[in-house]
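Trainee: Generate a structure from the sequence data that follows.
(one chain, ligands or ions: 1)
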Amino acid sequence: MAAGAESAQIIAQLRLAYPGFTLDVDLRLPGRGVTALFGPSGCGKTSCLRAIAGLVRAQPGRVLVNGDIWQDDALRIWRATHQRGLGYVFQEASLFEHLSVRGNIAYGLRRTAPARRRVALEQAVELLGIGPLMERRPQALSGGERQRVALARALATSPRLLLMDEPLAALDAPRKAELLPYLERLQRGLDIPVLYVSHALDEVARLAGHLVLLQAGRVLAQGRTEELLVRLDLPLAHGDAAATVIEGRVLRHDAQDHIATVAFAGGQLLLVSPAARAAGAPIRLRVQARDVSLALAAARESSILNILPATVVALAQDSPGQHMVALDVGPTRLLARVTQRSAQALALAPGQSVFAQIKGIAVID
Ligand SMILES: Nc1ncnc2c1ncn2[C@@H]1O[C@H](COP(=O)(O)OP(=O)(O)OP(=O)(O)O)[C@@H](O)[C@H]1O
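Mentor: You can find the predicted model right below:
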C-alpha cells in the first residue's frame, strides 16, 4: 500500500503471546472518527490497546498512526508510551485526588509543548461541560463527572490518538446516559481519532462509525458499523440487541402530535419526537430487530405508523424458535426477528416481497 494511503490511517499489526492466549491482528482503521473494538470478555480488546499504547510490546508489531511510526520492527523503531502522544481513559478515572479539577486538567496541558497544542483548555472544558466543576476536588465528584474530567485531562494533552477502555462500564445506567452525549460531542467537535473498547452493542452502534469484531485474539470482521451490524454471518446480528442504524434527514416536524418525518435511503419513517426538529437536520436512528415484524400484505388499519415494502435477502436461525431476517428496504438493510413458526407460516424466502412493520425507533443523535 502507498505511503500516502497509510498516512491517513491507523495501522496496527500486532502479535502477542500469553500462556493459553495469542493475539494476532492486522487492523487497518480510518485515521479519524471513533472505531470500536468489540467482542466477548477475554477476546483481546484491552491487549490491543495496550500494545498500541506501547505498554506491552507486540512481537512482531507495527503501529502507525496517521503517518507517525510508533513501532516498526523492520525499521527498528520503537517509541516509548510517553513519546507516542496518546490519551488513555480507563474504566475508572484515576485523577490526582490532591488537585482540583482545574489542576488535573492543567496537568495534562502542561505535558504538551505549546506548539503541539491542538485542544485549548477552554475547548475541553466546554465540550465536556465541566465549567461549574473546576474548583472541586475529585472526591466531591460523581462517577460520571470524574470520567468527564479524566477525558478532559486526556484531551488537554492534544493526543494524536485517544484510547478509551470501557469508559462507561463502571457507571450505572443513568450516569451512562448522561455521559454518552458528551462522547458524541467529542466525536463531532474534535479531530482526534478514538479507539473505543466496549462489549455493549448499543454503545458501539451509537458512537462508532467503524468497528473491529474480535474473537479469541483474531479479527472476525472489520468495517463500517452499519454494515457489520446487519451481517447474518456475524454474532452482532443475533440476539436481543441486534439492531440496524439508519441515517436520514428530518423532512418536517408536526408540533401538533409531536411526529417527525424522516427521509432515508429506503423511504420515509415517522417517529415520535417531543422536541421540535429542524427540517433538513441530519438524524441517526436505531431500529431493533425485535421491534420489526413482517406481513405479506400492508395492514390498512393498524396502530403501527411505519409499514415499509421490503424484500427478504436472507434468513438465519437466531435463538431456538426465532429467526433473524435480513431485508432490503430500497438500498437500506434492515433486520427483523420473527418466530420460526411465523417464518414457516409466511413461507419466508430470499427474494420474497414483504412489508416490514416497525414498532419502535430510537433516535441516536
Ligand atoms: N499480562 C498478561 N499475562 C498473561 N495473560 C494475559 C495478560 N494480559 C492479558 N492476558 C490474557 O489475554 C487474554 C485477553 O485479555 P484482554 O484483557 O485483552 O481481553 P479483553 O477482550 O479486553 O477482555 P475484557 O472484556 O474481559 O476486559 C485473556 O485470556 C487474558 O487472561
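
Trainee: For the rest of this, base every contact and every neighbour count on C-alpha atoms.
Mentor: Noted.

Trainee: Near the ligand, which residues of this structure are found?
Mentor: The chain comes close to the ligand at residues 18, 21, 40, 41, 42, 43, 44, 45, 46, 47, as judged by C-alpha under 6 Å from any ligand atom.

Trainee: From the residues you listed, keep the buried residues only.
Mentor: 43, 44, 45, 46, 47 (16 or more other C-alpha atoms under 10 Å).

Trainee: Just say helix, strand or coil for the first one.
Mentor: Secondary structure of residue 43, reduced to three states by DSSP: H, G, I helix; E, B strand; the rest coil: coil.

Trainee: Can you tell me which of the residues of the chain next to the ligand lies closest to residue 142?
Mentor: residue 46 (25.2 Å; C-alpha to C-alpha).

Trainee: Now do the contacts for whichever residue of the stretch 201-350 of the chain sits closest to the ligand.
Mentor: Closest approach between the stretch 201-350 of the chain and the ligand, counting by C-alpha to the nearest ligand atom: residue 217, at 7.1 Å. Listed by C-alpha atoms under 8 Å, 6 or more residues apart in numbering, the contact partners of residue 217 are 21, 22, 23, 24, 25, 43, 44.

Trainee: What lies in contact with stretch 253-264?
Mentor: Residues contacting stretch 253-264 (C-alpha under 8 Å, 6+ apart): 246-252, 268-279, 283.

Trainee: can you tell me the average pLDDT over that stretch?
Mentor: Regarding stretch 253-264, the rounded mean pLDDT is 93.

Trainee: Residue 325: how many residues sit nearby?
Mentor: Counted with other C-alpha atoms under 10 Å, the neighbours of residue 325 add up to 29.

Trainee: Let me see the confidence value for residue 209.
Mentor: At residue 209, the predicted lDDT confidence score is 90.

Trainee: Now it. Nearest residue, chain neighbours left out?
Mentor: Once flanking residues are discounted, residue 209 sits nearest to residue 225: 5.4 Å by C-alpha to C-alpha, 6 or more residues apart in numbering.

Trainee: same check, this time on residue 360
Mentor: Closest to residue 360 by C-alpha to C-alpha, 6+ apart is residue 291, at 5.6 Å.

Trainee: My read is that that neighbour contacts residue 362, right?
Mentor: No - between residue 291 and residue 362 no contact is recorded; they are 10.7 Å apart, counting by C-alpha atoms under 8 Å.

Trainee: between those two, who's got more neighbours?
Mentor: Ranked by neighbour count (other C-alpha under 10 Å), residue 291 and residue 362 place residue 291 first, with 17 against 14.

Trainee: all helices for this protein, in order.
Mentor: For the chain, the helices defined by DSSP state H occupy 3-6, 45-53, 101-110, 121-127, 143-156, 173-189, 201-207, 225-229, 340-345.
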